[in-house]
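> Build me a model:
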Amino acid sequence: MASVTSKHGADTSESRRNELTAAEIGAVAHLYRGEVYRSTIWRTRLDTTTNWSVVTLGVALSISFSSPNASPLPLVLVGVLILLFMMLEARRYRYFNVWRARCRWMETHFYAPMLDEGDLHLEDNWQKTLAADYLHPRYHVGYLVALGRRIRSNYLWILLIQSLAFAGKLAVHPTPIQSWRQAIDRADVGPVPGEVLFFVGFVYVASCASVALWSKRYDARRSAVRGKERSDSMG
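Numbers count the residues shown, from 1 in each chain. Take a look at the predicted model:
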């Protein structure tokens, strides 16, 4: 008899979760507002690091192209700063992604069904997924995935501009180059030969492009497994 009572009690408890009370709906609404606020704050932080990269690259361009005899070295050194900002932004993105995913989860499983059908479909247990994310908070994406997403969004274009500017500086200043050998000689930085600089630059850009491509394929595989787009899922 105890097991029967327990079973009926579980059934009764389960049936009560077929709808939310007005107080619970209000609590979810306030929760959503809080998550939107946090995602907005962290989105602003993402834009900040991107702006830092753009500004520092602009300063390097101004210095290197200020005169025909100006050194192209600032365009090389700014790559270190861009890499630092890129890594910092990837870390910030992992935090932003948590708040964004929760907001999107509530939009697709709470607000959209409520407005469209008037039924929250609690039988799908979407609320349990959200509750588990609050009980055991974690990053929804790995660091490399976050890095690849930021490169695809912004930094691939920044690196392209940096590379073209460096090549253009060598090609036109102080006079137009006449041969490939002359371009390599102009790339010399103190004891570091131009060949090494070109090789490091190629590895740098190619590595970033590879991480971006890998993360895109990873997101595509993940979406295919889940049957939904990244913006509609947790992470």
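> for residue 175, what are its contacts?
When contacts are counted by Cβ atoms under 8 Å, 6 or more residues apart in numbering, residue 175 is found next to residue 68. Every residue, glycine included, has its C-beta placed from N, CA and C.
> Is it within a helix or a strand, and which one?
Using DSSP states H and E, residue 175 sits within no helix or strand.
> so what pLDDT did it get?
As predicted, residue 175 sits at a pLDDT of 88.
> Over to residue 71?
For residue 71, pLDDT reads 88.
> likewise residue 17?
For residue 17, the pLDDT comes out at 61.
> How about residue 231?
Confidence at residue 231, expressed as pLDDT, is 55.
> Neighbours of residue 165, how many?
19 (other Cβ atoms under 10 Å).
> For it, give me its contacts.
Going by Cβ under 8 Å, 6+ apart, residue 165 touches 60-61, 64-65, 75.
> Next SSE downstream of the longest helix belonging to the chain?
Longest helix of the chain, by residue count under DSSP state H: helix 22-64. Once helix 22-64 ends, the next helix or strand along the chain (criterion: DSSP H and E) is helix 73-106.
> which of the residues in that following helix are buried?
Within helix 73-106, the residues that count as buried by 16 or more other Cβ atoms under 10 Å are 73-76, 78-79, 81-83, 85-86, 88-90, 92-106.
> average pLDDT for stretch 146-157?
95.
> likewise stretch 51-66?
Mean pLDDT, stretch 51-66: 95.
> so where's the protein uncertain?
Residue ranges of the chain with pLDDT under 70: 1-17, 228-235.
> Mind doing that once more with 50?
Applying pLDDT under 50 to the chain picks out residues 1-15.
> re earlier: which helices and strands sit right next to the longest helix of the chain?
helix 73-106, helix 156-172 (3 or more Cβ pairs under 8 Å, 6 or more residues apart in numbering; DSSP states H and E).
> Hey, what's the angle from the longest one to helix 22-64? Just curious.
Read that as helix 73-106. 170 degrees (axes from the mean of the first three to the mean of the last three Cα atoms, to 10 degrees).
> Please save the CA atoms from the helix or strand following helix 73-106 in PDB.
Using DSSP H and E, the next helix or strand after helix 73-106 towards the C-terminus is helix 112-116. Presented in PDB, the C-alpha positions along helix 112-116 are these (Å, rounded to 0.1, in the frame of the first residue of the first chain):
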ATOM      1  CA  ALA A 112       6.800  31.700 -27.700                       C
ATOM      2  CA  PRO A 113       4.500  28.800 -26.700                       C
ATOM      3  CA  MET A 114       2.600  31.000 -24.300                       C
ATOM      4  CA  LEU A 115       1.900  33.700 -27.000                       C
ATOM      5  CA  ASP A 116       1.300  31.200 -29.800                       C
END
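> Tell me how far helix 112-116 lies from the chain's centre.
Taking Cα atoms, centre = their mean, to the nearest Å, one finds the center of helix 112-116 at 29 Å from the center of the full chain.
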